[in-house]
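**Student:** Any chance you can model this:
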Amino acid sequence: MNRYMCNDTSPNSYLNATAYVIQIKLVLASIYVLPVISLIGNSLTIIVLQTNQQLNRSSFAVYAKTLAISDTLVLFCKLLSYENKRHQRPFKFLCIAFQFLAESAVLVSVWTVVLITTERAIIVLFPLHIKKFISGYRARVLVILSAVLITISSSRLLVIKMDKNINTRCQPRQEWIRYIEISLRITEFAYIYIPLTIITVGNCLSCWTLRRALNERRSILKSAIYKHKRLETNENQLIIMLFIVTVMFIFYFMPFTVMRIIPRTGLFGKCFTSSGFSSYLLIRTLCEFMKDLNFCSHFFIYCISGRSFRNALGSLIREKIMRSLINKPRTIDKLLKTKDVITEL
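**Tutor:** Model prediction:
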């Protein structure tokens, strides 16, 4: 960033500013707080889907479980990698391992959203052939195939050699720097530019044809029995939930993408003053924090946008409460019997 600073501005002049304090708090929250939220929310998502037979049969369950696992891995890899670098003697093999796992998890999460967008676009464009194109089995095959290809692609990071100097922390050897630059450029296109373009185009296409497709489908299925109408309602709810997931992905990733592109434009011949540089760093950190929010917010999106998911969650909570109430008298009886036995002795 030094080349974008005005000649009379020091790049370290922002260090004592309030923006720097906010920036550090956002970074620490992203490292320590978001993984906990992600673990709780994504665990609840998997439990709800596993215990609800109707939701668990749909392709939505396959995508939601995949996102839950990959999102949690992304944030925990970031946390563990940070802790490893803070160590007095970072483990070199863990540097590579966390880098490999983090990239694989990020790509799986992002391309799962791409699969969701593609599936929803197919549903909108071909509403009468939903069973032909969309099923839990097909979604499972696509997710597994994508995960295998992503793992093979990310394995290129495993060959990187780390510098053995104690003063460097998870830094590659000098001869590997060019290789890493190319690898990072590939990763950047694979998890930002290409997926974001596909998801944006897919959402625009779906929104344009959604009303027409739903009206045609409703008119043809007008004479269906109540069960079919109920299934159609559930399918529409799942479509809306997946649509909101993809829209929120754009909301989280678009500012992050713009902030990565801005420095590469050369700032259009402009330069940063001290206050401008401070504001830029704060906005960039905020955009990165929003990007990380994408990996811990899906549970809340499902709860807000999906009535069927809320009902399944409510049923699970009520069932757990009823079981605890039923088991409580039995526990009390056992304690009383134990007390009587002790008294007799």
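
**Student:** Quick one: name whatever helix or strand follows the least confident helix or strand in the chain by mean pLDDT.
**Tutor:** Taking mean pLDDT, DSSP states H and E as the measure, helix 130-133 is the helix or strand of the chain with the lowest mean score, a mean of 66. Sequence order places helix 136-154 as the next helix or strand after helix 130-133, per DSSP states H and E.

**Student:** Sort out which residues of that next one are buried, please.
**Tutor:** For helix 136-154, the buried set under the neighbour-count rule, 16 or more other CB atoms under 10 Å, comprises 139-140, 142-143, 146-147, 150, 154. In this view, the C-beta of every residue, glycine as well, is placed from N, C-alpha and C.

**Student:** May I have the phi/psi pair for residue 92?
**Tutor:** Backbone torsions for residue 92, taken as degrees, to the nearest 10, come to phi -70, psi -40.

**Student:** swap in residue 172?
**Tutor:** Per-residue torsions, residue 172: phi -70, psi 160 (degrees, to the nearest 10).

**Student:** One more: residue 162?
**Tutor:** phi -90, psi 150.

**Student:** What residues does it make contact with?
**Tutor:** By CB atoms under 8 Å, 6 or more residues apart in numbering, the residues touching residue 162 are 92, 95-96, 170-173.

**Student:** Relative to residue 60, how far out is it?
**Tutor:** 41 Å (CB to CB, to the nearest Å).

**Student:** In three-state terms, label the spatially most central residue of the chain for me.
**Tutor:** For the chain, residue 295 is the residue whose C-alpha lies nearest the centre (CA atoms, centre = their mean; 2.8 Å). Secondary structure for residue 295, judged by DSSP: H, G, I helix; E, B strand; the rest coil, is coil.

**Student:** cool, and residue 164?
**Tutor:** coil.

**Student:** follow-up on the earlier one: from the contacts of residue 162, list just the buried residues.
**Tutor:** Among those, those scoring as buried are 92, 95-96, 170-172 (criterion: 16+ other CB under 10 Å).

**Student:** Show me which pair in those is furthest apart.
**Tutor:** The most widely separated members of the buried ones among the contacts of residue 162, counting by CB to CB, are 96 and 171 (11.9 Å).

**Student:** which regions of the stretch 201-345 of the chain lie under the pLDDT threshold?
**Tutor:** Flagging of the stretch 201-345 of the chain using pLDDT under 70 yields the residue ranges 208-236, 265-272, 274, 327-345.

**Student:** hang on, isn't residue 191 packed against residue 106?
**Tutor:** Yes: counting by CB atoms under 8 Å, residue 191 does reach residue 106; the two are 5.4 Å apart.

**Student:** more crowded one of these two?
**Tutor:** With neighbours defined as other CB atoms under 10 Å, residue 191 and residue 106 compare such that residue 106 has more, 24 against 19.

**Student:** which ones are touching that one?
**Tutor:** Applying CB under 8 Å, 6+ apart to residue 106 gives the contacts 70, 74, 191.

**Student:** again with residue 60
**Tutor:** Applying CB under 8 Å, 6+ apart, one finds that residue 60 lies in contact with 238, 241-242.

**Student:** Kindly report the same for residue 206.
**Tutor:** 117, 120-121, 124, 243.

**Student:** quick one: residue 190 from residue 76, how far?
**Tutor:** 21 Å.

**Student:** Same question for residue 258.
**Tutor:** From residue 258 to residue 76 the distance is 27 Å (CB to CB).

**Student:** Comparing these two, which shows the higher neighbour count?
**Tutor:** residue 76 (20 against 12).

**Student:** quick check, that one in a helix?
**Tutor:** Yes: under three-state DSSP, residue 76 sits within a helix.

**Student:** The closest residue to it other than its chain neighbours: how many residues sit nearby?
**Tutor:** The shortest distance from residue 76 to any non-neighbouring residue, by CB to CB, 6 or more residues apart in numbering, is to residue 35 (5.1 Å). By the criterion of other CB under 10 Å, residue 35 has 23 neighbours.
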